[in-house]
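Asks: Any chance you could fold what I've pasted below:
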Amino acid sequence: MIILVVEDEKKISSFIKRALEMEKFTVELASSGEEALEKMEINDYDLIILDVMLPSIDGFEVCQKLRQMKIDTPLIMLTAKTQVADRIKGLDAGADDYLTKPFSIAELLARVRSLLRRGKKVITAKLKILNLSLDPKSHEVRRGKNNLALTAKEYKILDFLMRRQGEVCTRNMIGEHTWGYNFNPLSNVIDAHLSNLRKKIDGQNKIKLIETVRGNGYKIKNIKF
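Replies: Residues are numbered from 1 along each chain as shown. Prediction:
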């Protein structure tokens, strides 16, 4: 299982990382809200440990943006703030648990195990752009009345693009999200998958949804009627 630790204090992040790795978890680190959001857009994590007091974008805003992106990864917030109002703010932002500093590493590990036993929340809301729909629960994809048969990789790419409608997704972003860190950026595998996906999604439809942004990547057009 992979856990993302978002903490700008190196001593604390290193301490947490060592403790988690001793429990056989794989750990990635981020030291700012911006870096955390970039990693979350590309990678799937089993759990996130997020400090509130971060430079520029704080943990509350990171959590809100994460939930707005429909990413329901279990999340534990860490903070030196002890006021009840702050704990409520964190939970309202979308955190699943809240731990105040200083904390016992044994308690943190217990809370990590508890959240992982619950697993990720099941996302049931359908994604829809014009007459293209994707059902995360059944993995059914339709364009108009047609049920589209996508491969597992094509489905993952389409889900990634639809959740970022109107945003340019680079080849590296798509590659690392779909194939992980073993993805070779020099490979043409993404172009091949996007070509097949475009044929299935756009085909003979008058309105084309998948757009190539030359020199940058791909995006789903932000079309609203």
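Asks: What is the neighbour count of residue 222?
Replies: 12 (other Cβ atoms under 10 Å). (C-beta placed from N, C-alpha, C; glycine too.)
Asks: mind listing the helices for the chain?
Replies: Using DSSP state H, the helices of the chain run over 10-22, 33-42, 59-68, 84-93, 105-118, 152-162, 171-179, 189-201.
Asks: buried ones in the longest one?
Replies: Within helix 105-118, the residues that qualify as buried by neighbour count (16 or more other Cβ atoms under 10 Å) are 108-109, 111-112, 115.
Asks: Among those, find me the one that's closest to residue 61.
Replies: residue 115 (21.3 Å; Cβ to Cβ).
Asks: Report the separation between that closest one and residue 21.
Replies: Distance, residue 115 to residue 21, by Cβ to Cβ, to the nearest Å: 18 Å.
Asks: One more: residue 171?
Replies: From residue 171 to residue 21 the distance is 31 Å (Cβ to Cβ).
Asks: Between these two, which has more neighbouring residues?
Replies: The residue with more neighbours, out of residue 171 and residue 21, is residue 171; 18 against 12, by other Cβ under 10 Å.
Asks: circling back to that earlier point, looking at the buried residues of helix 105-118, which is nearest residue 87?
Replies: Looking across the buried residues of helix 105-118 and measuring by Cβ to Cβ, the closest to residue 87 is residue 111, at 13.9 Å.
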